[in-house]
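*Asks:* Could you look at this predicted model? Sequence included:
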Amino acid sequence: MDDLYRLYLKTIGIQYLPGYQSEQVPLPSGDKVEHSKTLEDLREFIGDCHRCQLGDTRTKLVFGTGNPRADIVFVGEAPGRDEDIEGEPFVGKAGQLLTKIFRAMGLAREDVYICNVIKCRPPQNRNPLPVEVTTCKPFLLRQIEIISPVVICALGSFAAQTLLETDIRISMLRGHFHDCYGIPLMPTYHPSFLLRDPNRKADVWEDIQKIMKRLGSGTGDREN
Ligand code: SF4
């Protein structure tokens with residue numbers, strides 16, 4: 001990791017990034033993400049964001065929802081049509097499936113934290129552009145740092161590849177924990193993909209069981 005990038009990460013309040021290898025990401029002028037000590041602070045800091053062009057086309061910014069002291073954070077790609085209207089992540093059919101997965105884990109939506117890499121819907125659900133990821137990702141990283149979960153679950157290739165800074169396919173990444181800024185990250189298939197290919201549900205359940213084992217290993221006990 002080069003020193004300039006290390007300095008940038010420190011500037012936005014991220015201090016513990018073992019194994020993090022990235023090219024420098026430009027910090028939007030005047031942004032001081034590290035001033036956000038709580039999720040409420042961070043949401044206020046993001047404000048009516050137009051730091052990238054998605055701010056011009058979204059209906060509602062989708063910050064994230066759930067327990068601010070959750071042991072597990074689920075990270076998806078970006079809001080879809082339903083989320084853009086509601087202002088909440090994973091509220092459509094994929095969200096309903098994700099809620100079922102939580103129930104199978106013995107958890108409710110309120111027990112976990114759910115967010116996306118990108119906070120605003122890309123038009124026609126196109127893939128987020130690199131500049132949009134670069135601009136929005138510091139908000140996600142700060143969310144994760146504030147919550148400080150025991151485990152991160154990346155839903156789908158985009159979230160996994162963005163957080164792990166790799167282009168390895170999700171089919172190769174899933175099933176194993178990876179280091180994400182010192183936090184174990186389990187990639188698994190996105191619920192939208194499961195709706196298209198239900199045969200992959202067994203793989204996701206396998207990944208979820210590994211997460212549950214990790215959460216139940218003692219490191220998951222935190223005072224809320
Ligand atoms: S996607 Fe992120 S950076 Fe772009 S406008 Fe929305 S909140 Fe701001």
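*Replies:* That came in fine, so what should we check first? Values in this document were obtained by computation on a predicted structure and should not be read as measured data.

*Asks:* who are the neighbours in contact with the most centrally placed residue in the chain?
*Replies:* With the centre of the chain defined as its mean C-alpha position, the nearest residue by CA atoms, centre = their mean is residue 75, 2.8 Å away. By CB atoms under 8 Å, 6 or more residues apart in numbering, the residues touching residue 75 are 115-117, 140, 152-155, 159, 163. Just so you know, the C-beta spots here come from the backbone N, C-alpha and C atoms, and that holds for glycine as well.

*Asks:* Residue 112 now?
*Replies:* By CB under 8 Å, 6+ apart, the residues touching residue 112 are 66-67, 70-74, 102.

*Asks:* Now with 10 Å, please.
*Replies:* The contact partners of residue 112, taken as CB atoms under 10 Å, 6 or more residues apart in numbering, are 65-67, 70-74, 98, 101-102, 105, 149, 153.

*Asks:* for the residue nearest to the centre of the chain, which residues make a bridge with it?
*Replies:* Each beta-bridge partner of residue 75 is listed here: residue 115, residue 154, as defined by DSSP bridges.

*Asks:* Return the subset of the contacts of residue 112 lying in helices.
*Replies:* Applying DSSP state H to those, the entries found in helices are 98, 101-102.

*Asks:* got a winner among the residues you listed for most neighbours?
*Replies:* residue 98 (25 neighbours; other CB atoms under 10 Å).

*Asks:* Hmm, that residue is touching residue 114, no?
*Replies:* Yes. With contacts counted by CB atoms under 10 Å, residue 98 reaches residue 114, the gap being 7.5 Å.

*Asks:* Now do the shared contacts for the two.
*Replies:* In the contact map built from CB under 10 Å, 6+ apart, the residues linked to both residue 98 and residue 114 are 74, 76, 89-91, 153, 155.

*Asks:* can I get the ones in helices among the contacts of residue 112 in JSON lines with distance to residue 202 and pLDDT?
*Replies:* Converted to JSON lines, these look like this (distance: CB to CB, whole Å; pLDDT from 0 to 100):
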{"residue": "98", "distance to residue 202": "17", "pLDDT": "97"}
{"residue": "101", "distance to residue 202": "13", "pLDDT": "97"}
{"residue": "102", "distance to residue 202": "18", "pLDDT": "96"}
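
*Asks:* out of those, which touch the ligand?
*Replies:* Among these, no residue sits close to the ligand (CB under 6 Å from any ligand atom).

*Asks:* quick one on the thing from earlier: pick out the most distant pair among the shared contacts of residue 98 and residue 114.
*Replies:* Using CB to CB, the two most remote members of the shared contacts of residue 98 and residue 114 are 91 and 153, lying 18.0 Å apart.

*Asks:* The two: which is more packed in?
*Replies:* More neighbours surround residue 153 than the other of residue 91 and residue 153, with 25 against 22 (other CB under 10 Å).

*Asks:* from the ones in helices among the contacts of residue 112, which single one is nearest residue 125?
*Replies:* In terms of CB to CB, no member of those lies closer to residue 125 than residue 98, at 17.1 Å.
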